[in-house]
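Asks: For reference, the sequence and a predicted model appear below.
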Amino acid sequence: MQNLKTQRPQSHAAPPEKAHPAETLPDIKGQHNGNTSRQTGIYGKWFNLAIGSTCPWLRKIKDKISMSTLVLQEGETEAEISVSSTRWRRGVCEEISWTYEKTDIDGKFLSYNPKWNATLETYVVHTNYDEYAIFITKKFTRDHGPTITAKLYGREPQLRDSLLLEFREVALSVGIPENSIIFMVDRGKCQQSVDGPHPWLWVIRRRPSTKCSKAQNTLFLRV
């Protein structure tokens, strides 16, 4: 809803600020689970099988995107969920870690990126806990505006076709273009190298990027 303001004669008035993301992105509702014991049902390992986004940059790298894994587990406090993702990137196995903050709304989690001064809203919109889950993330920065990203996860590297179609419909329903919906290629298990005397794994410690481009990360070399 837009606020109507009385016109003022001053010509030196400051330009209006950019709209709040709530005014520029669709409303999302997380899946209601009711049963407290089911609220931890999303914990464990997931395979990221598909992604869709309003970010145009995604289409430029769609041929380079491959299947990754996501692990959700108890955080340092009861109000947090610890998140880690392992993926192939430029031939290197990377591990990305961040934290979700729980909210009073079922299926809704928050994460904050201090570099861009932005809060990301992530929703679990569909899941049966033991087979698949669809996440939607809303983010907004002053430099890059609003974006919305949908991801499909499975407990196994393959899902039945009906769930792939369901993900496509969900992505389209929140404004993601058809040509920005990408189903991942399985390039094999991403794990520590066993070749050579010093097995290694690049580890990235960051919160989810809010920039509609390459993420800003801090790299560590685990040996």
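Replies: That came through fine.
Asks: Now tell me what touches the longest helix belonging to the chain from outside.
Replies: With secondary structure taken from DSSP state H, the chain has its longest helix at helix 161-173. The contact list for helix 161-173 (C-beta atoms under 8 Å, 6 or more residues apart in numbering) reads 49-50, 52, 125-126, 131-132, 134, 136, 150, 152, 154, 178, 181, 183. For every residue, glycine as well, the C-beta is placed using N, CA and C.
Asks: Give me the next element, helix or strand, following that helix.
Replies: Tracing the chain C-terminally past helix 161-173 and defining elements by DSSP states H and E, one meets strand 181-183 next.
Asks: Give the pairing partners of that next one; include direction for each.
Replies: Using DSSP bridges, the strands paired with strand 181-183 are strand 44-53 (antiparallel).
Asks: circling back: of all the contacts of helix 161-173, which two lie farthest apart?
Replies: Glu131 and Glu178 (24.9 Å; C-beta to C-beta).
Asks: tell me the mean pLDDT over the longest helix of the chain?
Replies: Throughout helix 161-173, pLDDT has a mean value of 97.
Asks: now it and strand 44-53, what's the angle there?
Replies: Here helix 161-173 points in a direction 50 degrees away from that of strand 44-53 (axes from the mean of the first three to the mean of the last three C-alpha atoms, to 10 degrees).
Asks: Neighbour count: Glu131 and Glu178, which is higher?
Replies: The neighbour count for Glu131 versus Glu178, taken as other C-beta atoms under 10 Å, is higher for Glu131 (13 against 9).
Asks: All the strands of this protein, residue numbers only.
Replies: Ranges of strands within the chain are 44-53, 68-74, 80-89, 92-102, 108-113, 118-127, 132-141, 145-154, 181-183, 201-205, 219-222, based on DSSP state E.
Asks: Can you mark which positions in the longest one are buried?
Replies: The one in question is strand 92-102. Residues 93-96, 98-101 are the ones in strand 92-102 that count as buried (16 or more other C-beta atoms under 10 Å).
Asks: Minimum distance to Ile61: which of the strands of the chain has it?
Replies: Taking C-beta to C-beta, strand 181-183 is the member of those nearest to Ile61, at 9.3 Å.
Asks: ok, how many other residues are close to Ala50?
Replies: Ala50 has 22 neighbours, counted by other C-beta under 10 Å.
Asks: What degree of burial does the nearest residue to it once chain neighbours are set aside show, as a neighbour count?
Replies: Computed as C-beta to C-beta, 6 or more residues apart in numbering, the closest residue to Ala50 that is not its neighbour in sequence is Leu152, at 4.0 Å. Leu152 has 27 neighbours, counted by other C-beta under 10 Å.
Asks: Appreciated, that's everything.
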